[in-house]
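Undergrad: Please work out how this folds:
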Amino acid sequence: MVARRLRGNELILAGSLAAITALIAYAGMKKLGSAGLVLPLVVVAIVAMMRRPIVMLAFVVGLTVLAEGVDFGLFNFTAKLYTHATVMNILVALVVLSVGIDMVRHKRRLRVPRPLILPLTLLALAMVSGIVTAHAAGVGVTGALHDENLLDYLLLLPVAVANMDIEVSEVMTLLRLAYGLAILKAILGLAEVAAGKGPPIEGTGALTYYEPTANWLILLALLGIVAAVVARLRPPLWALMASPLLFACLLLSYRRSFWIAAVLGLALVLILGLKAEGKRMLIPVGLALVASVWLLSTVHLESTSPILARATSLSSTKIANNVEDRYRLDERANVLGEIEKHPVSGLGIGIEWQATHHTLPIEHEGGRGYVHFAALWYWLKLGILGLLAYMGMLIGSAMLAWRVWRRAGEPLARAFGLASLAGLAGLAAMETTASFTGVDTRFTVLIAAQIGVVALLARIDTGTPKRPAN
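TA: The predicted structure follows:
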């Protein structure tokens with residue numbers, strides 16, 4: 001009798017699951033066409049990944065890095081992932097939810113990394129202030145909340161990742177996968193240029209990646225391999241052999257801000273990673289580089305090389321004659337004028353600045369809602385609290401990266417810590433000419449996950465560093 005009842009319950013459960021699967025497939029077909037038939041499999045896979053937060057994180061970050069926008073010439077159908085903000089919101093929420101469920105199941109308390117407590121608190125208060133200020137100016141609460149969804153990533157994702165209950169070896173596997181993903185992105189970017197499908201630059205060449213996400217991952221991978229070499233952490237041969245691909249891809253991105261960040265980051269890696277005898281060589285090498293740059297700036301070079309054209313465009317004369325560079329300068333003057341009027345509260349989230357101080361040489365669609373200087377963007381949109389939160393996030397993240405570099409027992413973790421520290425210094429310089437953190441969807445997911453991994457390593461890998469013998 002009991003067996004019969006159990007079989008009956010199993011049949012009811014199986015029938016219910018079949019009905020739910022059919023409904024999901026039907027809804028998927030109505031929304032996505034024939035591709036919607038695989039939706040039940042996707043749902044099952046997501047449910048399975050939810051049981052392992054690190055797998056969920058790897059899936060979401062990997063998908064974000066691989067799925068390029070419309071500017072990627074080899075394939076741009078992946079840009080549909082970003083058509084509606086809801087998709088990315090759900091994916092990030094799944095990472096946070098999977099960690100939360102795991103914490104409840106194993107009765108772990110929430111830990112906020114100490115260097116991030118103040119910045120995250122300031123960010124939360126600034127977000128509330130930004131909504132209140134915008135609402136007072138006539139922006140709906142729903143619209144203001146939508147405009148802050150990327151800041152939610154920055155607020156929640158680092159804490160979620162830092163609270164994962166995993167072993168150091170699992171984090172090392174995650175970092176190796178990230179390095180492999182950087183190599184894959186470099187290969188795809190170079191293939192795009194070789195096929196002539198990249199966006200044109202300086203009228204002749206084609207670039208690899210204009211969007212910041214892939215360039216940031218590749219920059220971190222380069223800094224990581226250099227950090228491992230100069231600190232004598234014995235990186236694997238395959239990683240060394242792949243580094244020219246990373247360098248070539250970053251060079252052919254033609255992103256001047258990333259070039260500057262790379263130079264600054266490499267200098268910091270050398271200063272912190274080299275031993276005393278190696279540091280003595282930094283002065284003559286640095287003087288030689290300065291002399292080379294000065295000679296290039298004083299000699300008129302007849303060359304059609306887009307790389308040289310981009311490098312020499314950093315001179316003051318070229319900036320004054322370049323309409324896009326002049327636009328950034330005029331934009332900054334107008335933004336500073338708006339901040340001077342509202343120094344404490346800012347304009348509020350979703351409110352556009354006005355060109356009341358300098359006339360703009362050109363207009364960009366949506367340009368009045370963007371600022372080519374991240375610190376000013378936070379100050380303009382979220383007030384003084386936003387500025388302090390942004391600066392605090394950079395400083396707090398750098399403190400965690402320094403701790404990993406100095407205290408981690410795993411060589412790969414130490415190299416990642418030094419690369420993150422140098423990368424954050426480069427990011428601070430880079431975001432004086434563009435705004436990525438909390439502004440660009442894909443970059444915000446990547447940087448928030450990176451900060452979380454750094455915080456996680458600072459908590460779980462605090463053993464004696466395994467230094468190679470001299």
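Undergrad: What lies in contact with stretch 369-377?
TA: 328, 331-332, 335-336, 339, 350, 352-353, 364, 380, 387, 390-391, 431-439 (C-beta atoms under 8 Å, 6 or more residues apart in numbering). The way it works is simple: take the backbone N, C-alpha and C, and place the C-beta from them, glycine included.
Undergrad: Return the subset of these lying in strands.
TA: Residues from the contacts of stretch 369-377 lying in strands, with DSSP state E as the criterion: none.
Undergrad: hmm, which of these are the buried ones?
TA: 328, 331-332, 335-336, 339, 350, 353, 380, 387, 390-391, 431, 433-439 (16 or more other C-beta atoms under 10 Å).
Undergrad: tally of neighbours for Lys80?
TA: 12 (other C-beta atoms under 10 Å).
Undergrad: Now do the contacts for Asn89.
TA: Asn149, Asp152.
Undergrad: What distance do you get for it to Pro235?
TA: Look at Asn89 and Pro235: by C-beta to C-beta, to the nearest Å, they are 37 Å apart.
Undergrad: before we move on, what about Ala67?
TA: From Ala67 over to Pro235 (counting by C-beta to C-beta), the distance is 29 Å.
Undergrad: just Arg459 next, same as before
TA: Counting by C-beta to C-beta, the gap from Arg459 to Pro235 is 25 Å.
Undergrad: Same drill for those two, tell me which one is more crowded.
TA: Ranked by neighbour count (other C-beta under 10 Å), Arg459 and Pro235 place Pro235 first, with 20 against 17.
Undergrad: and that one, what helix or strand is that in?
TA: Using DSSP states H and E, Pro235 maps to neither a helix nor a strand.
Undergrad: Can you give me the distance of it to Arg414?
TA: From Pro235 to Arg414 the distance is 11 Å (C-beta to C-beta).
Undergrad: How about Leu394?
TA: Taken as C-beta to C-beta, the span from Leu394 to Arg414 is 21 Å.
Undergrad: The two: which has the busier surroundings?
TA: Arg414 (25 against 19).
Undergrad: Leaving out chain neighbours, which residue sits closest to that one?
TA: Ala408 (4.8 Å; C-beta to C-beta, 6 or more residues apart in numbering).
Undergrad: cool, Thr432 as well?
TA: Looking at Thr432 with C-beta to C-beta, 6+ apart, the closest residue is Phe373, at 5.6 Å.
Undergrad: try Ala333
TA: His358 (4.4 Å).
Undergrad: so what's the one you found up against?
TA: Leu329, Asp330, Ala333, Asn334.
Undergrad: pLDDT score assigned to the second one?
TA: Translated: Asp330. The score at Asp330 is 80. That number is its pLDDT.
Undergrad: show me the contacts for it.
TA: Ala355, His358, Thr359, Leu360, Pro361.
Undergrad: ok, the closest residue to the first one other than its chain neighbours - how many residues close by?
TA: Spatially, and ignoring its direct neighbours in sequence, Ala355 is nearest to Asn334 (5.0 Å; C-beta to C-beta, 6+ apart). Counted with other C-beta under 10 Å, the neighbours of Asn334 add up to 19.
Undergrad: Quick one: residues contacting Asn334.
TA: So Asn334 contacts Trp353, Gln354, Ala355, Thr356, His357, His358, Leu360 (C-beta under 8 Å, 6+ apart).
Undergrad: Low-confidence stretches in the stretch 151-300 of the chain?
TA: 202-205, 275-300 (pLDDT under 70).
Undergrad: redo that, cut-off 80
TA: Residues of the stretch 151-300 of the chain that meet the criterion pLDDT under 80 lie in 198-206, 274-300.
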